[in-house]
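Q: fold the following and give me the result.
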Amino acid sequence: MSTSDFAIQARVQRLLARHWIRTDCLEVGTTQGVVVLKGRLEYLLGGSLGAECVAEQASQALRAAIRRLPGVVDVAMQVREPQKTEPPCTGTAS
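A: Numbers count the residues shown, from 1 in each chain. Prediction:
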């Protein structure tokens with residue numbers, strides 16, 4: 001991973017935090033300016049209050065926000081909404 005990829009990845013992590021996106025079920029990778037998000041995409045709702053699925057419209061807005069970051073060439077999102085029967089995320093995937 002190049003130095004610019006590390007910088008892009010740090011910017012993406014900050015953007016996710018600013019948008020209250022959970023990162024414990026989401027892997028973020030960057031290679032040659034291409035940002036890849038994999039896993040479950042969920043909003044944080046006030047920390048311990050739970051999580052809400054990110055709607056398709058919000059997902060597209062997030063993709064657009066990441067694309068506007070300096071150095072980003074493309075964004076690949078391989079994310080899914082959490083299922084109601086799925087347990088909450090507890091590990092760190094990013």
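
Q: in this protein, where is pLDDT below threshold?
A: For the chain, applying pLDDT under 70 flags the ranges 1, 45-55, 81-94.

Q: quick one, strands of it?
A: Taking DSSP state E, the strands of the chain run over residues 26-31, 34-40, 42-44, 51-53, 74-80.

Q: would you list the ones you listed in JSON lines and tack on distance to S59 and mean neighbour count?
A: From N, CA and C alone the C-beta is placed, and that goes for glycine too. Shown next, in JSON lines, are the strands of the chain (distance: least, CB to CB, whole Å; neighbours: other CB atoms under 10 Å):
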{"stretch": "strand 26-31", "distance to S59": "12", "mean neighbour count": "17"}
{"stretch": "strand 34-40", "distance to S59": "9", "mean neighbour count": "19"}
{"stretch": "strand 42-44", "distance to S59": "11", "mean neighbour count": "19"}
{"stretch": "strand 51-53", "distance to S59": "10", "mean neighbour count": "17"}
{"stretch": "strand 74-80", "distance to S59": "7", "mean neighbour count": "14"}
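
Q: so what does the lengthiest helix in the chain touch, helix or strand wise?
A: Using DSSP state H, we find that the single longest helix of the chain is helix 3-18. Packing partners of helix 3-18 (3 or more CB pairs under 8 Å, 6 or more residues apart in numbering; DSSP states H and E): strand 26-31, strand 34-40, helix 56-67.

Q: adding distance to A76, write these out as JSON lines.
A: Putting the helices and strands packed on helix 3-18 into JSON lines (distance: least, CB to CB, whole Å) gives the following:
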{"stretch": "strand 26-31", "distance to A76": "9"}
{"stretch": "strand 34-40", "distance to A76": "5"}
{"stretch": "helix 56-67", "distance to A76": "9"}
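
Q: of these, which is nearest V79?
A: Minimum separation from V79 across the helices and strands packed on helix 3-18 (CB to CB) falls at strand 34-40, 5.7 Å.

Q: tell me the helices and strands packed up against that closest one.
A: helix 3-18, strand 26-31, strand 74-80.

Q: for A65, what are its contacts?
A: L15, H19 (CB atoms under 8 Å, 6 or more residues apart in numbering).

Q: any idea how far S2 is from it?
A: Distance, A65 to S2, by CB to CB, to the nearest Å: 22 Å.

Q: please consider this matter closed, and thank you.
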